[in-house]
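Asker: Okay, structure incoming, though there's no sequence with it:
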Ligand SMILES: Nc1ncnc2c1ncn2[C@@H]1O[C@H](COP(=O)(O)OP(=O)(O)O)[C@@H](O)[C@H]1O
Ligand SMILES: O=P(O)(O)OC[C@H]1O[C@](O)(COP(=O)(O)O)[C@@H](O)[C@@H]1O
Ligand SMILES: [Mg+2]
């Protein structure tokens with residue numbers, strides 16, 4: 001085992017190589033923020049282990065060892081691993097007029113609508129020639145090509161549940177995200193297609209499992225038919241803990257829609273079921289506008305949030321452009337990952353300064369943000385800044401307070417920047433007119449756009465196929481445009497961050513024209 005991390009929140013970093021060197025191989029993936037002044041590190045709250053085998057690259061067998069370890073980690077937990085369960089022919093068929101024939105327990109026919117259990121998709125598709133290539137993600141110093149295959153998502157010919165006896169539950173946790181209702185709807189429609197009659201919604205996240213006044217909501221096609229026309233969650237969401245061990249026994253299938261925290265909870269429920277040898281399938285659907293889930297191209301709701309952010313950025317641009325020495329400042333969500341801010345800035349094309357949590361910046365001094373603003377006002381006459389809520393936390397008072405789910409409560413970088421900019425221009429005797437826009441909840445409380453609605457459809461349907469296929473402790477997402485199942489344990493190992501060495505961040509810098517702020 002290598003890379004086991006033994007750091008506590010706030011622990012002092014003494015070596016020169018601090019563990020928060022984002023994007024640099026060997027850095028601690030749990031480190032979410034490094035405070036240069038106090039030399040302390042904030043870690044993600046969830047326990048992770050980096051359980052790759054210690055590889056000796058001089059040994060010609062290292063690739064084989066790596067791949068064996070990879071296959072072990074990415075194999076999908078299945079009910080038959082712990083209990084005796086017999087498969088039966090699927091009840092899911094789209095050929096309703098010419099049903100497939102069941103010949104000796106296997107479905108015969110010409111329709112090839114099923115996914116084979118041995119189908120795989122490649123997790124990594126670029127062969128980097130050098131570790132210094134932009135965004136390189138190498139295993140060995142030579143960046144050798146190593147195939148990493150993950151399981152393809154979709155309906156199987158064999159299923160492990162009798163639909164008529166199944167009670168399935170759906171729960172939505174964490175913050176809101178455009179598309180939650182689309183996923184709920186697709187799960188219900190697909191369950192019904194298999195023949196499930198007993199489908200319930202759990203209200204307000206994990207709370208719904210243990211707060212008596214939050215009754216189960218019966219779900220069917222009629223109930224969910226139009227819920228995708230509105231944003232939010234039809235079932236309600238919440239943050240905060242739950243008695244995980246009590247959740248397991250009430251359902252046969254549980255679909256858990258949420259981010260990293262929710263998936264950690266879902267995995268605990270799955271492990272509890274396994275320990276008790278219960279025939280319960282727990283399947284996650286990653287939900288977060290922050291797009292901070294490992295291994296996936298993108299999560300649903302992200303595109304919609306980026307699109308919604310355009311209105312705020314455009315308004316800030318108009319205000320800044322129209323004012324004398326106008327400075328537009330927009331703060332967007334992104335607790336520890338700057339994807340929304342980076343993509344919204346790129347998409348707008350008007351942003352001069354994009355600030356994200358992964359790239360520390362200085363405010364004062366010759367290389368600071370304020371100096372660059374002065375330059376923009378002098379040369380362009382106005383400026384536009386887009387900042388992620390988690391950016392520049394090292395400039396703010398740290399409280400160490402957490403929300404009910406254990407997420408750090410951040411200082412308000414938007415308000416801080418607003419004050420600093422105003423004070424700076426006053427101090428140097430240059431007029432400025434700063435307009436601050438904080439559209440935080442407006443970007444996520446909206447209905448999913450068309451592309452997210454399609455993504456939700458795919459994910460919701462695949463979640464149900466995964467449960468019927470007998471998998472548990474899995475989640476579903478897109479890797480390199482292909483739909484896959486991944487063990488939850490792998491996707492919660494860390495938060496996904498913007499790689500400052502990636503082409504996308506470099507594109508953002510090209511677009512804004514901003515210098516290095518340090
Ligand atoms: N490490 C964890 N283990 C178990 N449950 C967790 C963990 N982190 C968060 N949760 C639970 O998951 C739910 C959602 O978590 P939260 O962090 O608020 O949202 P998200 O899932 O979007 O990250 C909450 O009910 C919270 O208590
Ligand atoms: O005010 P709330 O509801 O806690 O939500 C704010 C959080 O929502 C997010 O956009 C997404 O968080 P989750 O994925 O945990 O729901 C964070 O970036 C942000 O800090
Ligand atoms: Mg979270």
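Answerer: All right, it came through fine. All figures in this text were calculated on a predicted structure; none of them were measured in a lab. Numbers count the residues shown, from 1 in each chain. Ligands and ions are numbered 1, 2, ... in the order given.

Asker: Kindly report the residues of the chain close to ligand 3.
Answerer: Residues of the chain lying close to ligand 3 (CB under 5 Å from the ion) are 259-261. Where C-beta positions appear, they are placed from N, C-alpha and C, glycine not excepted.

Asker: of the residues you listed, closest to ligand 2?
Answerer: Closest approach between the residues of the chain next to ligand 3 and ligand 2, by CB to the nearest ligand atom: residue 259, at 3.4 Å.

Asker: gap between the closest one and residue 167?
Answerer: Separation of residue 259 from residue 167 (CB to CB, to the nearest Å) stands at 26 Å.

Asker: if we can go back for a sec, how about the residues of the chain next to ligand 3 in CSV, adding neighbour count and secondary structure?
Answerer: Formatted as CSV, the residues of the chain next to ligand 3 follow (neighbours: other CB atoms under 10 Å; DSSP: H, G, I helix; E, B strand; the rest coil):
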residue, neighbour count, secondary structure
259, 25, coil
260, 26, helix
261, 25, helix
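
Asker: Get me the contact residues on the stretch 301-450 of the chain for ligand 1.
Answerer: Residues of the stretch 301-450 of the chain lying close to ligand 1 (CB under 6 Å from any ligand atom) are 405-407.

Asker: Out of the residues you listed, who's the most crowded?
Answerer: residue 405 (22 neighbours; other CB atoms under 10 Å).

Asker: on that earlier part again, which of the residues of the stretch 301-450 of the chain next to ligand 1 lies closest to ligand 1?
Answerer: Within these, the smallest distance to ligand 1 is 3.1 Å, found for residue 405 (CB to the nearest ligand atom).

Asker: what sits against that closest one?
Answerer: Residue 405 makes contacts with 174, 239-241, 261, as judged by CB atoms under 8 Å, 6 or more residues apart in numbering.

Asker: Could you rerun that using 7 Å?
Answerer: 239-240, 261 (CB atoms under 7 Å, 6 or more residues apart in numbering).

Asker: Among these, which has the minimum pLDDT value?
Answerer: Lowest-confidence member of those: residue 240, scoring 86 (pLDDT).

Asker: Just give the nearest non-adjacent residue to that residue, would you?
Answerer: residue 404 (3.4 Å; CB to CB, 6 or more residues apart in numbering).

Asker: What count of nearby residues applies to the residue in the stretch 151-300 of the chain positioned nearest to ligand 2?
Answerer: Of all residues in the stretch 151-300 of the chain, residue 175 sits closest to ligand 2, at 2.9 Å by CB to the nearest ligand atom. When neighbours are counted by other CB under 10 Å, residue 175 registers 24.

Asker: where do the helices sit along the chain?
Answerer: Listed in chain order, the helices of the chain (DSSP state H) span residues 62-74, 180-194, 207-210, 221-224, 244-247, 260-275, 302-322, 339-348, 369-379, 413-427, 450-468, 488-491, 503-512.

Asker: As JSON lines, the ones you listed with distance to residue 150 would be great.
Answerer: Below are these laid out as JSON lines (distance: least, CB to CB, whole Å):
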{"stretch": "helix 62-74", "distance to residue 150": "5"}
{"stretch": "helix 180-194", "distance to residue 150": "21"}
{"stretch": "helix 207-210", "distance to residue 150": "30"}
{"stretch": "helix 221-224", "distance to residue 150": "30"}
{"stretch": "helix 244-247", "distance to residue 150": "27"}
{"stretch": "helix 260-275", "distance to residue 150": "16"}
{"stretch": "helix 302-322", "distance to residue 150": "21"}
{"stretch": "helix 339-348", "distance to residue 150": "22"}
{"stretch": "helix 369-379", "distance to residue 150": "41"}
{"stretch": "helix 413-427", "distance to residue 150": "36"}
{"stretch": "helix 450-468", "distance to residue 150": "13"}
{"stretch": "helix 488-491", "distance to residue 150": "9"}
{"stretch": "helix 503-512", "distance to residue 150": "22"}
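
Asker: Can I get those in a markdown table including distance to ligand 2?
Answerer: Formatted as a markdown table, those follow (distance: least, CB to the nearest ligand atom, whole Å):
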| stretch | distance to ligand 2 |
| --- | --- |
| helix 62-74 | 24 |
| helix 180-194 | 11 |
| helix 207-210 | 14 |
| helix 221-224 | 22 |
| helix 244-247 | 18 |
| helix 260-275 | 6 |
| helix 302-322 | 8 |
| helix 339-348 | 8 |
| helix 369-379 | 22 |
| helix 413-427 | 12 |
| helix 450-468 | 15 |
| helix 488-491 | 13 |
| helix 503-512 | 18 |
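
Asker: Where does the prediction get shaky in this structure?
Answerer: Segments of the chain classed as low confidence (criterion: pLDDT under 70) are 1-53, 96-110, 241-243, 245-246, 248-249.

Asker: Can you give me the domain boundaries for it?
Answerer: Listed domain ranges for the chain are 72-94+115-140+147-299+448-492, 303-446 (source: the TED database).

Asker: hmm, back to that, quick one: contacts for the residue of the stretch 151-300 of the chain closest to ligand 2?
Answerer: Counting by CB under 7 Å, 6+ apart, residue 175 makes contact with 237, 444.
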